[in-house]
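Visitor: Build me a structure from this.
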Amino acid sequence: MHAARVSPVLAGPPIRLLVADDHPLVREGIVAVVSAESDMDVVAQAGDGREAVAQFRAHQPDVALLDVQMPGLDGIGATAAIRAAAPAARIVILTTYDGDVQAMRALKAGASGYLLKSMFRTDVMDAIRTVHAGRRFIPQSIVAELGAHAMAEELSPREVDVLREVAQGGGNHDVARRLGVSDDTIKTHMKHILSKLEASDRTQAVTIAVKRGIIGL
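Guide: Numbering: from 1, shown residues only. Below is the predicted model:
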């Protein structure tokens, strides 16, 4: 749940941070914002997930801020790798998506916080201090999404593959050809997808899947 505002701790050493984002300008902006705080110190930076894991091991920061979309190993994969080596690691995932599926993946991987980039300037300090204090930080909008879909049936990995191909365009025959399966197989998958997502057609299914973070465009 979204924790109450945490005031900066004036005594003691600053919170040591790792910042990982594959866009240099975005990363520099994040670093500039948090470095301006008297109780925070950026000790390491990374441009992708694998580098983030390496930098975490090298510097052992108090809190890591990881962008969810990075090449090679994404932020969720990096979170899992970091937590496997350091179970007490405190990690905040940064994302542009407010979908419940991606948030749940991040939390299952071991993230302590989940912050939308649209909320970054207003909430990042609270997120860092809350997570550093040993609590979770999840925006209320994400909590609401998680609750709304708590009983929803998950798509299988193959169904996600099919829906991702559908989002790229083309009919069932085109999707079947790209995936190397029969048209009837795609029809069966689409029937299950529409049922699970409570969608009336393919377009609505793709829209719902993107909103919930099941697939990206």
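Visitor: What values do phi and psi take at the residue nearest to the spatial centre of the chain?
Guide: For the chain, the residue nearest the mean C-alpha position is residue 68 (4.3 Å; C-alpha atoms, centre = their mean). Backbone torsions of residue 68, given as degrees, to the nearest 10, read phi -70, psi -30.
Visitor: Now do the contacts for it.
Guide: Residue 68 sits next to 74, 75, 76, 93, 94, 95, 97, 102, 106 when contact means C-beta atoms under 8 Å, 6 or more residues apart in numbering. The C-beta positions use only the backbone N, C-alpha and C, and glycine is treated the same way.
Visitor: Switch those over to TSV; also include neighbour count.
Guide: Below are these laid out as TSV (neighbours: other C-beta atoms under 10 Å):
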residue	neighbour count
74	22
75	29
76	24
93	27
94	24
95	22
97	18
102	24
106	27
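Visitor: from those, which ones fall inside strands?
Guide: In this view, the contacts of residue 68 that belong to strands under DSSP state E are 93, 94, 95.
Visitor: Just list whatever residues bridge to the second one.
Guide: Pointing back at residue 94 there. On the basis of DSSP bridges, residue 94 is bridged to residue 67, residue 115.
Visitor: so residue 18 sits in a helix?
Guide: No. Residue 18 sits outside any helix when classified using DSSP: H, G, I helix; E, B strand; the rest coil, being strand.
Visitor: For it, report the pLDDT, please.
Guide: For residue 18, the pLDDT comes out at 98.
Visitor: now do residue 139
Guide: Among the per-residue scores, residue 139 shows a pLDDT of 89.
Visitor: Just want to check the distance between it and residue 20.
Guide: From residue 139 across to residue 20, the span is 20 Å (C-beta to C-beta, to the nearest Å).
Visitor: Looking at the two, which one has more neighbours?
Guide: A count of neighbours by other C-beta atoms under 10 Å puts residue 20 above the other of residue 139 and residue 20, at 26 against 20.
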